[in-house]
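Engineer: build the 3D model from these lines:
(chains A and B)
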Amino acid sequence: MHVFRTLTVALATTLSVAGGVSAAEVVVYSARNEQLIKPLFDAYTKETGVAVKFVTDKEGPLMARLKAEGKNTPADIFMTVDAGNLWQAAEEGLLAPVKSKTLSANIPAHLRDPDNQWFGLSVRARTLVYNTNKVKPGDLSSYEALADAKWKSRLCLRTSKKVYNQSLVAMMIDEYGEAKTEAMVKGWVANLATDPFPDDTKAMEAVAAGLCDVTVVNTYYFGRLMEKKPNLPLAIFWPNQDAKAPNTGVHVNVSGAGVTHHAKNPFGAGQLLEWLSSAKAQNLYADVNMEYPANPRIKWDPLVASWGKFKQNPINVAQAGKLQAKAVMLMDRAGYK
Amino acid sequence: MSRPAAQPLEAPSGAFGFSPTWFAALPIALITAIPVLVLMSYLVHPDQEIWDHLWQFVLPELLVNTAWLVLGVGLGVTLLGVSLAWLTGVCDYPGRRFFSWALMLPLALPAYVTAFVWIGLLDFTGPLATWLRDTHGILWTPPIRSRGGVILVMILALYPYVYLTARAAFQGQGRRLTEAAQSLGLSRWQAFWRVALPMARPGIMAGLLLAIMETLADFGTVSVFNYNTFTTAIYKSWFSLFSLPAAAQLASMLIFFVFVVALLENQLRAGRNYAASGKSSSQAGRVRLKGRHAALATLWCSLVFGIAFIIPFWQLADWTGAVFSEDFDSRYLEFAWHSVLLSGLGALMVAALALILGYAQRLNPTPGMRIAARLSTLGYALPGAVLAVGIFIPIAWLDNQLIETFQLDGQILGGTLAVMLLAYCARFLAVGFGPLESGLGRITASVDEAAQSLGVTGWRRLKRVHLPMLRVSLFTAMALTFVDIMKELPITLMTRPFGWDTLAVRVFEMTSEGEWERAALPSVAIALVGLLPVIYLIRHADHADT
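Structural biologist: So this is what the prediction gives:
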């Protein structure tokens, strides 16, 4: 036993000297899936020599896990694919504020927690996709306008159980208040051509096949579908672009992360977050899944850029978390399944 | 058909009958009871706002939906499972040997993946509706995204539970029972309806209960159909309304309901005896179907096998072909090895614990023991992620106590295989217990008496006398548990060590980002890897009784 330990210590010392760094590993609980996050961690390890250990699961169980483990949690970073869950983690006291000039400079204020407990690292834009044979771009204007009677039986939607739609409606509540939003969501439901779909891709395929004319999706699903079937009669429309209305724009959500409250290696965790906001990582972060970089100085991937520029909704994405429960209840009342 | 119940052999006293059997049964019951109690502890913090909302806008629809689903799936799996079990277990006709194991295969496909395949094939954008539209101008779409659709897909995924347990029951009664009935003047049909079927009831009920529990706990399949059930409300409370307490409260209601139903069913058959003496059906003893009957039997088996397995598997194989060169790498060997290791160890452990529990109940059949047995099998009715949290919380608590007490560096329980296996037992004990309990029920009390008169008693009797007679049930229990663990997700996700991914975890990584085609590769791998032990076990079980 004793010999074994001596050997291990000797080996570890040798390795760290050989590697030229002595930073401890960083442990990540990630709700961003393995295929979308491992390439980044691999690049970080290659560049810095710091190992990143991670485990994936859904957000809910990961948060329950952090809570149950309390101060003995091995996790240094909690990572998700939507702002709502990051907000909830901060709300439950699972995250710690990070003071970092780099992060403040790289990530715009509306894409991070006002108290710096979490940071958006890639942007997921939820926009309109329409059938180019049946709809002229001039017919479209905003998310709200899809409640108009002229879209009767022409709208397809994904289920309200997906967090992306919950965030969208939460942001609408912030913009218009609950009563007006509820009327709009009821309008959507009245215009549905068919029951809500379980995912964005199915909704777009229905639009392409002519079952309905327009739907609301995250752009990377559009990118993936068009990559596979480039001839589909589909195109992106950027809603809510009125230059005169300051508090509106395309609904964006973030995939992001924060340092845990009981991190064993908060310094290493902060460094990893800073690296993830840097140019190299931002390109990689967005490119593995056709998302937009959170750092506004990074040039977009050519394919993503080909979809056009758009004005983002400038309201802090934290509102999506704060108003999520309200949004879910509102959609239940409106009969949006 | 019922005879007086077997007399308990060790005379117990009172409702609990304190006897050494409790030392075996109690720890097993606690594996499930502790997580359930953790969840029930949330009942003291009701979240009024969420409850009011759910009662007013969500639950009325969900309860109706859930009732239809349970009813439809229950009827369907019984019809399919019993008819197929009777044909392959008792009769003989062309293809019988092949179908006897092949009809198990749908169990190896994750049901929510099959659901996605069926919607893809039959919905408006699918090949059938597109073809009808484009070449015939027929604007008709099969209404797959509907109540009927979700019921149908779940029947096709879950009938193997009834098929396997009913098959073991039919095989256990042997041909003599039917022959005796026929000699008393009943036709073959009458003998089936009035003798064989009622006698197989515990086996059928065991499988049916499993199928219903899985239906109630399911989230993946109903999500693909966007069909809201009680489980939807549980996850909505937790993930969308951020209230784990509300989710735990709803889950507590769900398992209370299942507990009462299971106990009632058990009570109804407590006074009866389903044991059959005589040799079980061997090759020679089968009912040979001829002509039209044989053709119909082959057709029915082919139809079910084709729809439940061949079509979805063919579609998955097709998708796999498209992503194989890009996604397949040497890590798949590791994923497969992890899956097999966990499923194998888990199946052994579940079968062993279920056997001990079942035997304890046989030795000491008191109401207290019956309740303990029912309690241990409740984990299967809970939505997986909820149970996973119920398991994780006490383990993390224990870890924290150990760290405090012994000043340790980090967790020693969390992230170990031991905890994973324990968690699988909490979830899947029902899957092992069902077949074994009905198997034990088929062994007559006279066997025990004979053994006792020879001085073989207690646990030694289990090993020397019962175990050899229980082989089919044991194999059934292990095969079902093995395949179930292969597909299991929430517990695996929450308790696995770092970097310890399985094939099911790969399916999760892909489907949760909507990459269903890429999920086909690990799904096919699950089916192929899960298939081999199942074929082995079924064939072994078939030979065991010849």
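Engineer: how about the strands in the chain?
Structural biologist: In the absence of a named chain, chain A is used. A:26-30, A:52-56, A:77-80, A:95-96, A:119-131, A:155-156, A:214-218, A:234-237, A:251-260, A:292-293 (DSSP state E).
Engineer: actually, chain B is the one I wanted.
Structural biologist: Under DSSP E, chain B gives strands at B:91-92, B:287-288.
Engineer: leaving out chain neighbours, which residue sits closest to A:Ala269?
Structural biologist: Excluding the flanking residues, the one nearest A:Ala269 by C-beta to C-beta, 6 or more residues apart in numbering or on different chains is A:Asp76, at 3.9 Å. C-beta: built from backbone N, CA, C; applies to glycine.
Engineer: where's the residue of the stretch 51-200 of chain A found nearest chain B relative to B:Val389, distance?
Structural biologist: The stretch 51-200 of chain A approaches chain B most closely through A:Ala68 (3.9 Å), counting by C-beta to the nearest C-beta. Separation of A:Ala68 from B:Val389 (C-beta to C-beta, to the nearest Å): 8 Å.
Engineer: which one of those two is surrounded by more residues?
Structural biologist: Of the pair A:Ala68 and B:Val389, B:Val389 is the one with more neighbours under other C-beta atoms under 10 Å in any protein chain shown, namely 27 against 20.
Engineer: so who does that one touch?
Structural biologist: When contacts are counted by C-beta atoms under 8 Å, 6 or more residues apart in numbering or on different chains, B:Val389 touches A:Pro61, A:Ala64, A:Ala68, B:Leu39, B:Leu244, B:Ala248, B:Met494.
Engineer: got a pLDDT number for the residue nearest to the second one when sequence neighbours are not counted?
Structural biologist: In this structure, A:Ala64 finds its nearest non-sequential neighbour in B:Val389, 4.8 Å apart by C-beta to C-beta, 6+ apart. pLDDT, B:Val389: 94.
Engineer: can you give me the pLDDT of the nearest residue to A:Ala51 once chain neighbours are set aside?
Structural biologist: Ranked by C-beta to C-beta, 6+ apart and with sequence neighbours excluded, the top spatial neighbour of A:Ala51 is A:Glu25, at 4.0 Å. For A:Glu25, the pLDDT comes out at 94.
Engineer: any idea how far A:Glu25 lies from A:Leu121?
Structural biologist: For A:Glu25, the distance to A:Leu121 - C-beta to C-beta - is 20 Å.
Engineer: neighbour count winner among these two?
Structural biologist: A:Leu121 (28 against 16).
Engineer: my read is that that one contacts A:Glu291, right?
Structural biologist: No - at 9.3 Å, A:Leu121 and A:Glu291 do not qualify as touching, with contact defined as C-beta atoms under 8 Å.
Engineer: which residues do these two both contact?
Structural biologist: Residues touching both A:Leu121 and A:Glu291 by C-beta under 8 Å, 6+ apart: A:Ser255, A:Tyr285.
Engineer: tell me which of the strands of chain B is the most buried.
Structural biologist: Counting by mean count of other C-beta atoms under 10 Å in any protein chain shown, strand B:91-92 has the highest mean neighbour count of the strands of chain B, with a mean of 18.
Engineer: show me what that one pairs with in its sheet, parallel or antiparallel.
Structural biologist: strand B:287-288 (parallel) (DSSP bridges).
Engineer: tell me, how many residues neighbour B:Leu152?
Structural biologist: Neighbours of B:Leu152 (other C-beta under 10 Å): 17.
Engineer: domains in chain A, by residue range?
Structural biologist: Domains of chain A are assigned by automatic domain parsing as A:2-123+A:254-300, A:125-250+A:318-334.
Engineer: out of those, the one nearest B:Pro490 is which?
Structural biologist: Closest to B:Pro490 of the domains of chain A, according to C-beta to C-beta: domain A:2-123+A:254-300, at 6.8 Å.
Engineer: off-centre distance for that closest one?
Structural biologist: 15 Å (C-alpha atoms, centre = their mean, to the nearest Å).
Engineer: wait, isn't the residue of the stretch 51-200 of chain A closest to chain B in contact with B:Ile391?
Structural biologist: No - taking contacts as C-beta under 8 Å, A:Ala68 lies outside contact range of B:Ile391: 10.2 Å.
Engineer: count of neighbours near residue 302?
Structural biologist: No chain was given, so I picked chain A. 7.
Engineer: not quite, I wanted chain B
Structural biologist: 15.
Engineer: got a list of what the residue lying closest to B:Ser512 once chain neighbours are set aside touches?
Structural biologist: In space, and not counting its chain neighbours, B:Ser512 is closest to A:Asn33: 6.1 Å by C-beta to C-beta, 6+ apart. For A:Asn33, the contact set (C-beta under 8 Å, 6+ apart) comprises A:Thr56, B:Glu509, B:Met510, B:Ser512, B:Glu513.
Engineer: one more time with 10 Å
Structural biologist: A:Thr56, A:Val81, A:Asn289, B:Phe508, B:Glu509, B:Met510, B:Thr511, B:Ser512, B:Glu513, B:Glu515 (C-beta atoms under 10 Å, 6 or more residues apart in numbering or on different chains).
Engineer: ok, now which ones touch the third one?
Structural biologist: Spelled out, that is A:Asn289. A:32-33, A:35-37, A:81, A:122, A:124, A:218, A:220-221, A:223-224, A:255, B:513.
Engineer: go on, the first one?
Structural biologist: Residues in contact with A:Thr56 (C-beta under 10 Å, 6+ apart) are A:28-38, A:62, A:79, B:493, B:496, B:501, B:505, B:508-509, B:512.
Engineer: that one and B:Arg496: what is the separation?
Structural biologist: According to C-beta to C-beta, A:Thr56 and B:Arg496 sit 10 Å apart.
Engineer: list residues touching both of the two?
Structural biologist: With C-beta under 10 Å, 6+ apart, A:Thr56 and B:Arg496 have common neighbours B:Val505.
Engineer: can I get stretch B:506-514 in CSV? Just the C-alpha atoms.
Structural biologist: Only the C-alpha atoms of stretch B:506-514 are listed here, as CSV (Å, rounded to 0.1, in the frame of the first residue of the first chain):
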residue,chain,number,x,y,z
ARG,B,506,-25.1,7.4,-26.6
VAL,B,507,-28.7,7.2,-27.6
PHE,B,508,-29.5,9.9,-25.1
GLU,B,509,-26.7,12.2,-26.3
MET,B,510,-28.1,12.0,-29.8
THR,B,511,-31.8,12.1,-29.3
SER,B,512,-31.7,15.0,-26.8
GLU,B,513,-30.3,17.2,-29.5
GLY,B,514,-32.9,15.9,-32.0
